[in-house]
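Chemist: Here you go, sequence then predicted model.
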Amino acid sequence: MIPLVISCSTCQANSLYGGGDAVGWSIFFLLIVILLVASAVVFCMIRIARRSREFAQEEEIAMLAELHSSQSISH
């Protein structure tokens with residue numbers, strides 16, 4: 001059985017009357033769901049940051065190429 005240290009007071013009170021194993025597993029399941037959602041959010045944020053950085057680099061390269069071509073035309 002999962003320790004009741006990580007459970008809320010309602011779950012602790014209900015486990016005293018029986019069904020402690022079910023309460024423990026429900027807490028464990030909810031913990032897994034929360035961790036999956038949090039990791040999905042972090043993954044999306046990292047992916048957005050990487051794409052943003054790549055886009056900024058591509059824009060900088062294009063601007064430098066345009067500046068270089070305009071300078072070579074004027075000379």
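Modeler: Nice, thanks for sending it over. All figures in this text were calculated on a predicted structure; none of them were measured in a lab.
Chemist: quick one, helices of the protein?
Modeler: 9-16, 20-74 (DSSP state H).
Chemist: most tightly surrounded among these?
Modeler: helix 9-16 (a mean of 12; mean count of other C-beta atoms under 10 Å). Using the backbone N, CA and C atoms, a C-beta is placed for each residue, glycine as well.
Chemist: what's residue 40 in contact with, if anything?
Modeler: Contacts for residue 40 (C-beta atoms under 8 Å, 6 or more residues apart in numbering) come out as none.
Chemist: Make CSV from the helices of the chain and add mean pLDDT to it.
Modeler: Formatted as CSV, those follow (pLDDT from 0 to 100):
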stretch, mean pLDDT
helix 9-16, 64
helix 20-74, 90
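Chemist: now the residue nearest the centre of the chain: how far from residue 25?
Modeler: The centroid of the chain falls nearest to residue 42 when counting by C-alpha atoms, centre = their mean (1.7 Å). Separation of residue 42 from residue 25 (C-beta to C-beta, to the nearest Å): 26 Å.
Chemist: got it, and residue 73?
Modeler: Taking C-beta to C-beta as the measure, residue 73 falls 72 Å from residue 25.
Chemist: same deal with residue 37?
Modeler: With C-beta to C-beta as the criterion, residue 37 and residue 25 are 19 Å apart.
Chemist: Could you do residue 49 as well?
Modeler: From residue 49 to residue 25 the distance is 36 Å (C-beta to C-beta).
Chemist: same question, residue 72
Modeler: Taking C-beta to C-beta, one finds residue 72 at 70 Å from residue 25.
Chemist: Residue 69 too?
Modeler: Distance check for residue 69 against residue 25: by C-beta to C-beta, it reads 66 Å.
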